[in-house]
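The amino acid sequence is not available; the structure is as follows:
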């Protein structure tokens, strides 16, 4: 499947953050330019090549800093400016994103969580609602691949359950590294079935 790349822009400052410079560097650079605020950081959700194929070109064109989960940094094509750990935060202008480690698909897989602010006034906003960029750790219909490794699958499903489903409400939006988005509410009834099937 094609990869998803996400560009977040702080409405107050115009500062931008790109999640997964997967491919098509020229298209991503054009998208960044249309946002107008300047790309400050590129976060790579995990070390698989299909999620960082355009990373070096995007950084060279924009001068953006880079960040990734600490255990996956050695898998990236260029050095990372920041090693991410569970519980860290990232700032995009006036917007704060929480870093959640979701181990299993890779050792250093991370998700980013945006919580809509209490004073959010944009049309359609819901104060307190969360939006989670999950890379390849959570999709509609299941967690990411662990290549048949039972221990890695258990680790990933435990992390996804404890760090996402147990913490956040059903209105939380999930934006995966491939395919369509979903909500925790849509996926929650399937958790037991995922564990039973083992993938």
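Arrived safely, thanks for sending. Just so it is clear, the model here is predicted, and its values are computed rather than measured. Residues are numbered from 1 along each chain as shown.

just for the protein, where's the confidence low?
The chain contains residues with pLDDT under 70 at 1, 36.

for it, what spans make up the strands?
6-9, 16-19, 39-44, 65-69, 82-84, 89-92, 95-101, 110-115, 130-135, 138-139, 142-143, 173-176, 182-183 (DSSP state E).

List the neighbouring strands of the first one plus their orientation.
Partner strands and pairing direction for strand 6-9 (DSSP bridges) are strand 16-19 (antiparallel).

from the chain's centre, how far out does the partner strand sit?
10 Å (C-alpha atoms, centre = their mean, to the nearest Å).

could you redo the strands of the chain as CSV and give each row distance to residue 155 and mean neighbour count?
C-beta here means a position set from N, CA and C on the backbone, and glycine is covered the same way. As requested, those are exported to CSV (distance: least, C-beta to C-beta, whole Å; neighbours: other C-beta atoms under 10 Å):
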stretch, distance to residue 155, mean neighbour count
strand 6-9, 25, 18
strand 16-19, 22, 25
strand 39-44, 20, 25
strand 65-69, 14, 23
strand 82-84, 18, 18
strand 89-92, 23, 16
strand 95-101, 10, 19
strand 110-115, 14, 23
strand 130-135, 15, 24
strand 138-139, 13, 24
strand 142-143, 10, 20
strand 173-176, 18, 21
strand 182-183, 22, 17
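
out of these, which comes closest to residue 30?
strand 6-9 (10.8 Å; C-beta to C-beta).

So which residue is smack in the middle of this structure?
Central residue of the chain (C-alpha atoms, centre = their mean): residue 133, 3.3 Å from the mean position.

Now render the strands of the chain as a markdown table, adding distance to residue 27.
Formatted as a markdown table, these follow (distance: least, C-beta to C-beta, whole Å):
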| stretch | distance to residue 27 |
| --- | --- |
| strand 6-9 | 11 |
| strand 16-19 | 12 |
| strand 39-44 | 14 |
| strand 65-69 | 19 |
| strand 82-84 | 25 |
| strand 89-92 | 21 |
| strand 95-101 | 23 |
| strand 110-115 | 21 |
| strand 130-135 | 19 |
| strand 138-139 | 23 |
| strand 142-143 | 29 |
| strand 173-176 | 18 |
| strand 182-183 | 25 |
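
returning to that earlier point: beta-bridge partners for the residue nearest to the centre of the chain, please?
residue 112, residue 175.

Adjust the sequence numbering to begin at 48 for everything that follows.
In the new count, where the first residue is 48, that last one comes out as residue 180.

quick one, what contacts the residue of the chain positioned farthest from its centre?
Within the chain, the residue lying farthest from the chain centre (C-alpha atoms, centre = their mean) is residue 243, at 26.1 Å. Contacts for residue 243 (C-beta atoms under 8 Å, 6 or more residues apart in numbering) come out as none.

can you give me the helices for this structure?
Using DSSP state H, the helices of the chain run over 72-82, 102-109, 197-207, 231-234, 238-244.

which one of those lies closest to residue 156?
helix 197-207 (8.1 Å).
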